[in-house]
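**Q** can you look at this prediction? I've put the sequence above it.
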Amino acid sequence: MLADAGGRRLVLTAFRTIIRCQGTSVDRAAIELVAMDAATHQQAWTVPVDLPQGYTDFTALPGRRGGSGLG
């Protein structure tokens, strides 16, 4: 998905991820939204979005951070 923000063209994508916790907290599933600057190919921003506890259906998000053209 493309977006214009602050005079920059951004490429937006989502990656599935597991947020690793420490102590008594449990790991949780999340979607990481990543915006990349289309001109510089640099990451503009990223934000994790927690998924409901026990959510495991990632069939709609086949990407993997670090293993893609954006990572």
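**A** That came in fine, so what should we check first?
**Q** output the longest strand belonging to the protein.
**A** Criterion DSSP state E: the longest strand present in the chain is strand 8-19.
**Q** determine the set of other helices and strands touching that one.
**A** If you count contacts as 3 or more C-beta pairs under 8 Å, 6 or more residues apart in numbering; DSSP states H and E, strand 8-19 packs onto strand 2-5, strand 28-37, strand 43-50. From N, CA and C alone the C-beta is placed, and that goes for glycine too.
**Q** apply 6 Å and report the result again.
**A** Here strand 8-19 touches strand 28-37, going by 3 or more C-beta pairs under 6 Å, 6 or more residues apart in numbering; DSSP states H and E.
**Q** partners of the strand it packs on in the sheet?
**A** Applying DSSP bridges to the sheet, strand 28-37 is found paired with strand 8-19 (antiparallel), strand 43-50 (antiparallel).
**Q** let's have those in JSON lines, adding distance to residue 28 and mean pLDDT.
**A** Formatted as JSON lines, the strands paired with strand 28-37 follow (distance: least, C-beta to C-beta, whole Å; pLDDT from 0 to 100):
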{"stretch": "strand 8-19", "distance to residue 28": "5", "mean pLDDT": "87"}
{"stretch": "strand 43-50", "distance to residue 28": "6", "mean pLDDT": "90"}
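**Q** with mean neighbour count and distance to residue 35 added, can I get the ones you listed in JSON lines?
**A** As requested, the strands paired with strand 28-37 are exported to JSON lines (neighbours: other C-beta atoms under 10 Å; distance: least, C-beta to C-beta, whole Å):
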{"stretch": "strand 8-19", "mean neighbour count": "16", "distance to residue 35": "4"}
{"stretch": "strand 43-50", "mean neighbour count": "12", "distance to residue 35": "4"}
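**Q** on the pLDDT front, check the spatially closest residue to residue 49 that is not a sequence neighbour for me.
**A** Once flanking residues are discounted, residue 49 sits nearest to residue 31: 4.8 Å by C-beta to C-beta, 6 or more residues apart in numbering. Here the pLDDT value assigned to residue 31 is 88.
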